Every structure is written in structure tokens, then in C-alpha cells.
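>>> Coordinates only, no sequence provided:
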């Protein structure tokens, strides 16, 4: 376990240097922009990692926050910089529970995707196909299980196809995140469930390549587990949008961290935590 006395790597960065790897929700960005402006502070820093040889950083968590800062024209932002090589750093995958959309409409929209094949199979066969790069995704519904692939051949990390699949129900259904593909486990929690959409395990290289190429992975798929995450830094917007040089703001941040340490205001919690007010 990492020494709890090692503080998170908080850096003052140009807002424009933060590149999202997934789609943002415009409605959430608008609401978040209003809240940030009203509160006058950055509560939780985005989590970023450097994109090699570019000077930019890909946002692993907090894309809505960094996009809100762009919308507000705030030139600088404080982010927590991490590395995929950090102990305890994990890139996992969320699945989608699609709810409140008629199944016939869902299936018809999938069938309308050019070059897409839906191949019925068992759940175990679908899991194997995804794990062995023979499917781009698979669908679990009351009608059974089907793997999804391109007619011309499968690329398990076909970002365009993943976006086309999510586009079938995005904005037309409620989307919830799930960590398992078992229909019977999901139904009690989501009475209007239409289907489960199971995505492939992406790699750090996929995230960095998507950011470098300006591609966006559908939102709500990647799940980054960040050790020693910084929360509640509550930095004033007055500093972040002040007409100061970046170096002056970095000096301010350094001094602020020293003050917080001297005031014994920084706490490290090793326990796993459930938050009921997100």
C-alpha cells in the first residue's frame, strides 16, 4: 500500500490542455457550470494522465467538470495527475442497463446499423467471444443473448461501433451502470429494463490513442479506480480565473498545500467508502 503521507499530485494546468476520452453530457455540463459559478469554487479536481509527447492530459474522470471550466472560460484548473503504472490504479469497464425503451424499438434500431451482425448464442459463448476478441459487445435481453460484431470482421475495440450501439438508446432510454451481465440480478432493481449491453475491457493504450486522435469513447463505459483520490479541495475560482501567469498560480497552489498541511486540514482515509449524496 502506498504511504498515506504521500499527497496526491495536484497540478495547476491550462484548462485547454485537458482532453476528454469520452462523451460529455451537455445537460450535466450546463448544470455543473451553473453550480460551479454559484459556489465559486472547484470542489473535486479532475483525474488526468499525460498524453505522451503532446503536453496535454487525458481526463480519466471528471470530463464534465473540465468541460464546464471551458464553457465558463476559466483559463486554469487544478487536476490530480496519475499514471496507469501507479500501484492500485485499475482500468475496468461498466456495462449499461437500458431501461424504459420498448424492446422492439431497441432491436430495430440495432438492426438498422450498417454492417452490424447480431448473432444469437449462450451467455457463456458471448463471454468467451468478447474475451477472445471475437465480438465487439454483447446484448442480454428477455429474448436471449446475442454477440455484436461487424459483418466485415470484428475489432473488439471498434470505437465507432461502440458509439453506434450506445446511440441506439442514448437520449431515448434511461441508462444505468452495472458491473455484471446477469439478467436475474438486474431485473429486481430496474423493473423497466430493456436490455443489458456488455462492453469489452479497454486498455490504457486505447484510452490514450482515443484522446490523441480526438475520438470519444461512449460515456459511462470506462471505470477508473484511483488510489489516493483527492476530494473536497474547494479551490476558489477567483484564483483559477485571475489574470495571473501559470507560474504564479502554481506558486500559489504550492503555498496553499503547505498551509493546509500546517493546519492539519488534510485527512487520509484508507477505508472503502459509500457516498449517499453524489
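Nice, I can see it. Fair warning: this is a prediction, and the values are worked out from it, not measured in the lab. Residues are numbered from 1 along each chain as shown.
>>> can you pull out the helices in the protein?
For the chain, the helices defined by DSSP state H cover 26-39, 63-71, 103-111, 123-131, 159-169, 183-186, 204-213, 237-240, 246-262.
>>> of these, which approaches residue 53 most closely?
Nearest to residue 53 among these is helix 204-213 (9.1 Å), distances taken as CB to CB. For glycine as for every other residue, the C-beta is placed from the backbone atoms N, C-alpha and C.
>>> Poorly predicted segments of the chain, please.
Where the chain drops to pLDDT under 70, the residues are 1-5, 152-157, 277-278.
>>> if we can go back for a sec, minimum distance to residue 96: which of the helices of the chain has it?
Ranking the helices of the chain by proximity to residue 96 (CB to CB) places helix 159-169 first, at 7.3 Å.
>>> which of the helices of the chain sits most buried?
The highest mean neighbour count among the helices of the chain, using mean count of other CB atoms under 10 Å, belongs to helix 63-71: a mean of 23.
>>> That helix packs against which elements?
In terms of contacts (3 or more CB pairs under 8 Å, 6 or more residues apart in numbering; DSSP states H and E), helix 63-71 is packed against strand 18-20, helix 26-39, strand 76-81.
>>> what distance separates the last one from the centre of its chain?
Yep, that's strand 76-81 we're talking about. Centroid separation for strand 76-81 versus its chain: 16 Å, with CA atoms, centre = their mean, to the nearest Å.
>>> Pull up the pairing partners for it, direction included.
Paired neighbours of strand 76-81 in the sheet (DSSP bridges): strand 10-14 (antiparallel), strand 47-50 (parallel).
>>> So for residue 199, which of the helices and strands packed on helix 63-71 sits nearest?
Proximity to residue 199, assessed across the helices and strands packed on helix 63-71 by CB to CB, is greatest for strand 18-20 (17.7 Å).
>>> For that closest one, name the packing helices and strands.
Judged by 3+ CB pairs under 8 Å, 6+ apart, strand 18-20 is in contact with strand 57-61, helix 63-71.
>>> As CSV, these with distance to residue 112 would be great.
Output for these, formatted as CSV (distance: least, CB to CB, whole Å):
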stretch, distance to residue 112
strand 57-61, 32
helix 63-71, 29
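>>> what's the closest of these to residue 92?
Closest to residue 92 of those is strand 57-61 (CB to CB; 11.8 Å).
>>> ok so, going back, kindly reformat the helices of the chain as JSON lines containing distance to residue 18.
Formatted as JSON lines, those follow (distance: least, CB to CB, whole Å):
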{"stretch": "helix 26-39", "distance to residue 18": "14"}
{"stretch": "helix 63-71", "distance to residue 18": "4"}
{"stretch": "helix 103-111", "distance to residue 18": "33"}
{"stretch": "helix 123-131", "distance to residue 18": "31"}
{"stretch": "helix 159-169", "distance to residue 18": "20"}
{"stretch": "helix 183-186", "distance to residue 18": "34"}
{"stretch": "helix 204-213", "distance to residue 18": "10"}
{"stretch": "helix 237-240", "distance to residue 18": "13"}
{"stretch": "helix 246-262", "distance to residue 18": "14"}
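>>> what's the neighbour count on the closest residue to residue 122 other than its chain neighbours?
Among residues not flanking residue 122 along the chain, residue 145 sits closest, at 6.3 Å (CB to CB, 6 or more residues apart in numbering). Using other CB atoms under 10 Å, residue 145 has 21 neighbouring residues.
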